[in-house]
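**Student:** Just the structure for this:
(4 chains)
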Number of protein chains: 2
Amino acid sequence: MTYTYDYPKPSVTVDCVVFGLDAEHDLKIMLIQRGVEPFKGEWALPGGFVKLDESLEAAAFRELKEETGVEEIFLEQLYTFGTPDRDPRDRVITVAYYALINLSDHPIHAQTDAEDVAWYSIQELPKLAFDHDQIIAAASERIKGKLRYEPIGFELLPKKFTLTQLQKLYEQVLGMQLDKRNFRRKILKMDLLIKLDEMQTGVAHRAARLYSFNEGKYQELKRAGFNFEL
Amino acid sequence: MTYTYDYPKPSVTVDCVVFGLDAEHDLKIMLIQRGVEPFKGEWALPGGFVKLDESLEAAAFRELKEETGVEEIFLEQLYTFGTPDRDPRDRVITVAYYALINLSDHPIHAQTDAEDVAWYSIQELPKLAFDHDQIIAAASERIKGKLRYEPIGFELLPKKFTLTQLQKLYEQVLGMQLDKRNFRRKILKMDLLIKLDEMQTGVAHRAARLYSFNEGKYQELKRAGFNFEL
DNA sequence: ACAAAAGTGTTTAGTCTACACCCATGC
DNA sequence: GCATGGGTGTAGACTAAACACTTTTGT
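**Tutor:** Sure, this is the predicted structure:
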């Protein structure tokens, strides 16, 4: 007995809130200008319909790659939005994901002529299609809460970074100033950073030491019951 | 121009992981025995198809009421499960919710003859339909993580409770022993409990003082930047 | 030599942890 | 009177917060 359920079905899409840090340590979100109706010409999150034979996460990765060329980035499910009237034409449920990317390693560009890709500061978002403003608000809350308890901030930085870059990132996302000495002492005491034999170059002042995140050691400590907290 | 999107569509369901504390301070999950195919006769989470004109949360509340008679309980979205083969017959995406309930205030009973409702301890679950074991695992993780940082534990207790009941709940969910004096000092210092002029009755030892949770004050403190943490 | 950011310790207040005994009640 | 859980304080270890100057480098 194989049949398909005969209930009327909603459409299901995935949408991605992609965060990136620009050169001035500003947290930005990637938006695309829609080339098709509805909301043609307005800004929206990258996303699209889930195919019947792909997982939700696979759909999110696929859409990101198709629309922005981005691959191999940190991606996690955020929340599922399903108010009946969130799409003007049809019942559409969207499973939202959020992604973290470091801009220096991932150049972004529109993949189709009909769409444009741009980075917008969270404080200065344009008018958005659908309920994408709500999705972005939820994603901002999530990243803010998560940054304290999981080492996800490193996803936003280049592989080699300075302690000041890391601190600026935390200050930016958490929206508060942090004490330099206390911040350094705390993060270094966790012993999750690898002190590299390499310095910053091309700066007009004393060059800072570069560090990288020890992902393997973190996984090991986590299994042993360690909790990252900053 | 009104048309509906013409992609092939998955089915969308909601499933609910309902947690309750029994009289022995054991954390249990409510399961129903399926009366229909697929997995007829096996145990599963209460849930069902989302109607086209209702929100996801409304669907979860409706299914809970229809299948178990439960109303007005704490309910929050958990995660959306969408592996292509999680339902043997059709592509079904399920938006999972978790709920917290206090058993003394909410008697539970099957609403249809074809289905049976029962409470199972998390440690002794029966074989489950679909991927409901994974959904339950995710819900257990969530509640464990959330209990520390949000006052959701009170949803599992009667409105009036003793400090020992509260402590036992935390010990049960977190899976660790807590020190009685430290626990009491910490929770009382937050000043979120109302000390009632009422004592426990019907116990064969010194009666404990009853307390209730001050929800209004919590909301107020939260707005002012206070973070619950235990 | 100066501008700009890197790097580095100490003191103080507050919080967390471990720990043991008397109290009230019902049987 | 005894069994059962209720209720209470303190000392020592640790953690968090506040705070300012010297060093290095490029221009």
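
**Student:** Which residue, other than its chain neighbours, is closest to A:Leu128?
**Tutor:** Nearest residue to A:Leu128, sequence neighbours excluded (CB to CB, 6 or more residues apart in numbering or on different chains): A:Trp43, at 5.6 Å. In this view, the C-beta of every residue, glycine as well, is placed from N, C-alpha and C.

**Student:** cool, A:Gln77 as well?
**Tutor:** Excluding the flanking residues, the one nearest A:Gln77 by CB to CB, 6+ apart is A:Tyr97, at 5.6 Å.

**Student:** What about that neighbour, how many residues nearby?
**Tutor:** A:Tyr97: 27 surrounding residues under other CB atoms under 10 Å in any protein chain shown.

**Student:** Please, which helix or strand holds it?
**Tutor:** For A:Tyr97, the element it lies in under DSSP states H and E is strand A:92-102.

**Student:** Please report the distance of the residue in chain A that DNA strand D sits nearest to from DNA strand C.
**Tutor:** As assessed by CB to the nearest atom of the strand, DNA strand D sits closest to A:Arg206 within chain A, at 2.7 Å. From A:Arg206 across to DNA strand C, the span is 4 Å (CB to the nearest atom of the strand, to the nearest Å).

**Student:** Same question for A:Leu103.
**Tutor:** 19 Å.

**Student:** distance of that residue from chain B?
**Tutor:** A:Leu103 is 29 Å from chain B, where distance means CB to the nearest CB, to the nearest Å.

**Student:** and if you look at A:Lys127?
**Tutor:** Applying CB to the nearest CB, the value for A:Lys127 to chain B is 21 Å.

**Student:** Hmm, A:Ala44 and that residue touching each other?
**Tutor:** No: counting by CB atoms under 8 Å, A:Ala44 is not a contact partner of A:Lys127; they are 10.2 Å apart.

**Student:** So if I had to pick from these two, which one is more boxed in?
**Tutor:** The neighbour count for A:Lys127 versus A:Ala44, taken as other CB under 10 Å, is higher for A:Ala44 (19 against 9).

**Student:** residue contacts, A:Glu124?
**Tutor:** If you count contacts by CB atoms under 8 Å, 6 or more residues apart in numbering or on different chains, A:Glu124 has none.

**Student:** and the residue of chain A closest to DNA strand D, how many neighbours?
**Tutor:** A:Arg206: 7 neighbours (other CB under 10 Å).

**Student:** What are the phi and psi values at it?
**Tutor:** phi -50, psi 130 (degrees, to the nearest 10).

**Student:** Report the angle between the top helix by length along chain A and strand A:92-102.
**Tutor:** For chain A, the longest helix by residue count, based on DSSP state H, is helix A:132-147. Counting by axes from the mean of the first three to the mean of the last three CA atoms, to 10 degrees, helix A:132-147 lies at 50 degrees to strand A:92-102.

**Student:** Mind giving me the packing neighbours of helix A:132-147?
**Tutor:** Other helices and strands packing on helix A:132-147, by 3 or more CB pairs under 8 Å, 6 or more residues apart in numbering or on different chains; DSSP states H and E, are strand A:11-21, strand A:74-81, strand A:92-102, helix A:163-174.

**Student:** need the ones you listed in JSON lines with distance to A:Pro151 and mean pLDDT, can you?
**Tutor:** Shown next, in JSON lines, are the helices and strands packed on helix A:132-147 (distance: least, CB to CB, whole Å; pLDDT from 0 to 100):
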{"stretch": "strand A:11-21", "distance to A:Pro151": "15", "mean pLDDT": "97"}
{"stretch": "strand A:74-81", "distance to A:Pro151": "11", "mean pLDDT": "98"}
{"stretch": "strand A:92-102", "distance to A:Pro151": "11", "mean pLDDT": "97"}
{"stretch": "helix A:163-174", "distance to A:Pro151": "10", "mean pLDDT": "96"}
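
**Student:** For A:Val50, find the nearest of those.
**Tutor:** Closest approach to A:Val50 among these is made by strand A:11-21 (4.8 Å; CB to CB).

**Student:** Walk me through which strands the helix or strand just after the closest one pairs with, and which way each runs.
**Tutor:** Sequence-wise, the next helix or strand downstream of strand A:11-21 (DSSP H and E) is strand A:27-33. Applying DSSP bridges, strand A:27-33 is found paired with strand A:11-21 (antiparallel), strand A:43-44 (antiparallel), strand A:116-121 (antiparallel).

**Student:** Surely A:Thr83 touches A:Asp131?
**Tutor:** Yes: shown here, A:Thr83 and A:Asp131 form a contact pair, counting by CB under 8 Å, at 7.1 Å.

**Student:** And the pLDDT at A:Asp22?
**Tutor:** As predicted, A:Asp22 sits at a pLDDT of 87.

**Student:** Could you list which residues are in contact with A:Cys16?
**Tutor:** Going by CB under 8 Å, 6+ apart, A:Cys16 touches A:45-47, A:60, A:63-64, A:75, A:96-99.

**Student:** A:Leu56 now?
**Tutor:** For A:Leu56, the contacting residues are A:14, A:50, A:77, A:95, B:80, B:82, B:93, by CB under 8 Å, 6+ apart.

**Student:** how about the residues of chain A near DNA strand D?
**Tutor:** Within chain A, the positions near DNA strand D by CB under 7 Å from any atom of the strand are A:179-182, A:186, A:203-207.

**Student:** if you set the cut-off to 10 Å instead, what comes out?
**Tutor:** A:177-186, A:189, A:199-208, A:229-230 (CB under 10 Å from any atom of the strand).
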